[in-house]
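>>> here's my sequence, what's the structure:
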Amino acid sequence: MVRVVGSIFAEYLRQVRDSGPNPRRYLAGIFLIGLGQSVFSLLFNLYLRELGVSDSTIGQVLSKMSLGAAMAAIPVALVLRRVAARSVLLVSGVLTALAFLLQSTLTAPDLLLTVAFFAGTVLTVFRLSIAPVIMREAAPASRPFLFSASYTILFLSAIVGSTLGGFLPHLFRLVTDSNQLALRFSLFAACGLYLLSTVPFSGMTARPPVSEEPDDRAGRRVRDRALTAMRELAAVDWALHLRLIIPSLLIGLGAGLIIPFLNLYFRDRFGLDEAAIGILFATMQAFMVLSNVFGPTITHRIGLVRGVVLTQLASVPFMVVLAMSHWYPAVVGAFFLRSALMNMNQPLASHFAMEVVPERDHAITNSLLSLSWFLSWSISADIGGAMIERVGYAPPLYLAAALYVAASVLYWLFFRRVHEGRVPRSEVEIPEA
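This is a model prediction of the structure:
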């Protein structure tokens, strides 16, 4: 058994090593981006609270970041298709560092909201770059290993970044007595990690630009593409896509109410410092990594639809525990298990969506699901901050749990009769709910 695992791991490393310099430098860059993002997301809410910013304003700031990501999703996808990955990643690394530097420095609420929207737009480049970069830069045999490596690296960077983010303020308190300054310097360090990502990105070799066509031919090609895109959009099964989007929208609304505020939840309810919160979030990320192992087993045993519904419903009691309990061990266990179940759920839902739509619609399905998630998160983060400021953490958690239940019921009604994987994707029919 050990020999088999060792041989698999050796093959994994060999494929990544032999994939070429561009993929390896890309993986190094997104590791640094993941580190910076984990440090920043762990501490930013705590820093705003230290500035005296209200919870409702914190919710608005987080909402604007998600809104910026949603608005940029399609333009970024188009840019990644037409511009060399090296150039896009370099510019985005610099702009993200600048955006978060401004967020770490400015204190006026209006300016914070504006910069948050800008930060969301540039940060989404890294989320959307994985598939295009790997498909463009890697040989077909290496792609499965590189996709796996990229997400493994993001999880690893989240674990390391959460731990690092928790201890940085303690380190900076050695040179300042101000909690505000210690948190600000820690955020500056996160900005430095974003900027440092440009070093491996700059080492990537840019592909030569596509040769220009004569203006008249280019114009005809643009018109032809526009007509083709319109025909493809008209052929999309919008009823099916609506049924995929509505449950995702409800889950996004529920998650946005409370997930962005969980670091404040542990600070307010249990008085934890940054180091303890960082350890909690790092451990939570480890649980999320482990939960990925069980997703294929669940799919094999009970199917994708039941897997999606049961993992969502199983997370609900743990959200209720987070709302009701003030016993620290129970809350920590619920925090870990809720995160693991929902992390297991998302790949199952994405996999099912790709199974029930024709292959030609995969790109638009993925874009629509991402857009619905970011938009719903941006709406509910704003509402969640206002609710927490007025009534505390319990009501948003109860409301989020109710939205998860509603999403699960609708998912079951929409797709319970679909026999996934038993008929060609293009022939799957979704029964009337």
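>>> okay, helices next: where are they in the stretch 151-300 of the chain?
Ranges of helices in the stretch 151-300 of the chain, per DSSP state H, counting those that start in this stretch, are 179-196, 198-202, 215-235, 238-258, 262-270, 274-302.
>>> which secondary structure elements does the last one sit against?
Secondary structure elements in contact with helix 274-302, counted by 3 or more C-beta pairs under 8 Å, 6 or more residues apart in numbering; DSSP states H and E, are helix 21-51, helix 143-172, helix 262-270, helix 304-324, helix 328-356. In this view, the C-beta of every residue, glycine as well, is placed from N, C-alpha and C.
>>> which residues touch the third one?
In this case it means helix 262-270. With C-beta atoms under 8 Å, 6 or more residues apart in numbering as the contact definition, helix 262-270 has outside contacts at 42-43, 45-46, 49, 55, 58, 258, 272, 276-277, 280-281, 322, 326, 328, 331, 335, 388, 393.
>>> mind listing what's buried in that helix?
Neighbour counts using 16 or more other C-beta atoms under 10 Å place L262, N263, L264, Y265, F266, R267 of helix 262-270 among the buried residues.
>>> what angle do the strand or helix carrying Q60 and helix 21-51 make?
Secondary structure from DSSP states H and E places Q60 in helix 55-82. In terms of direction (axes from the mean of the first three to the mean of the last three C-alpha atoms, to 10 degrees), helix 55-82 departs from helix 21-51 by 160 degrees.
>>> let me see the mean pLDDT of helix 55-82.
For helix 55-82, the mean per-residue pLDDT is 85.
>>> just stretch 191-207 next, same as before
The model assigns stretch 191-207 a mean pLDDT of 89.
>>> report the distance from it to the chain centre.
21 Å (C-alpha atoms, centre = their mean, to the nearest Å).
>>> hey, C-alpha coordinates of it in PDB?
Extracted C-alpha coordinates of stretch 191-207, given in PDB (Å, rounded to 0.1, in the frame of the first residue of the first chain):
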ATOM      1  CA  CYS A 191       0.100  43.400   0.200                       C
ATOM      2  CA  GLY A 192       3.800  42.600   0.000                       C
ATOM      3  CA  LEU A 193       3.000  38.900  -0.700                       C
ATOM      4  CA  TYR A 194       0.700  40.000  -3.500                       C
ATOM      5  CA  LEU A 195       3.500  42.100  -5.000                       C
ATOM      6  CA  LEU A 196       6.000  39.300  -4.500                       C
ATOM      7  CA  SER A 197       3.800  37.100  -6.700                       C
ATOM      8  CA  THR A 198       4.900  39.200  -9.700                       C
ATOM      9  CA  VAL A 199       8.400  37.700  -9.400                       C
ATOM     10  CA  PRO A 200       7.400  34.200 -10.600                       C
ATOM     11  CA  PHE A 201       4.800  35.700 -12.900                       C
ATOM     12  CA  SER A 202       7.400  37.800 -14.600                       C
ATOM     13  CA  GLY A 203       9.500  34.700 -15.300                       C
ATOM     14  CA  MET A 204       6.800  33.200 -17.400                       C
ATOM     15  CA  THR A 205       7.400  33.300 -21.100                       C
ATOM     16  CA  ALA A 206       4.700  35.300 -23.000                       C
ATOM     17  CA  ARG A 207       3.300  33.600 -26.000                       C
END
